[in-house]
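Asker: With the sequence up front, the predicted model follows.
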Amino acid sequence: MRRYTRARDFYEISCDLIDGMGCSSLGWLYQQGQGGSRDYDKAREYYQKGCQLDNGNGCTGLGNLYRYGLGVSKNPAESRRFFEKACQLGHHKGCIAIQE
């Protein structure tokens, strides 16, 4: 647990410095409840920042939130939109998710 708390601190700094991977990683920690409590609103916020900074992990994470209705209403069209952006950015998991 301690290592996730420390990772969260570093990812917050990274995201504040406009690093898409840092924002996306922070979103994942919040989604999983690592280093603190699970918070889908914060996960969505940080995935969105990561995606806006052209990080495919963030777009895929955001797509999954909409796909499964985690903290948001299920929305297949939004989910697909984020998966497509992830795929365009070269994120393989986003490309796979479009097929599913």
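Answerer: It's in. Values in this document were obtained by computation on a predicted structure and should not be read as measured data.
Asker: residues making contact with the helix ranked longest in the chain?
Answerer: Scanning the chain for the helix with the most residues, using DSSP state H, yields helix 2-16. Residues outside helix 2-16 that contact it (CB atoms under 8 Å, 6 or more residues apart in numbering): 21-23, 25-26, 29, 34-36, 46, 49-50. No exception for glycine: its C-beta is placed from N, CA and C like everyone else's.
Asker: go again using 7 Å as the cut-off
Answerer: With CB atoms under 7 Å, 6 or more residues apart in numbering as the test, helix 2-16 has contacts from 22-23, 25-26, 29, 34-36, 46, 49.
Asker: Ok, stretch 34-43 next?
Answerer: Contacts of stretch 34-43 (CB under 7 Å, 6+ apart): 1, 4-5, 7-8, 27, 29-32, 65, 70-71.
Asker: Now render the residues you listed as TSV, adding pLDDT and distance to residue 80.
Answerer: Formatted as TSV, these follow (pLDDT from 0 to 100; distance: CB to CB, whole Å):
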residue	pLDDT	distance to residue 80
1	59	35
4	83	31
5	83	34
7	87	30
8	86	30
27	96	19
29	95	25
30	95	23
31	96	19
32	94	23
65	98	13
70	97	16
71	94	18
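Asker: Top of these by number of neighbours, please.
Answerer: residue 27 (30 neighbours; other CB atoms under 10 Å).
Asker: Now do the phi/psi pair for residue 72.
Answerer: Main-chain torsions, residue 72, degrees, to the nearest 10: phi -140, psi 170.
Asker: Tell me the spacing between it and residue 48.
Answerer: Distance, residue 72 to residue 48, by CB to CB, to the nearest Å: 11 Å.
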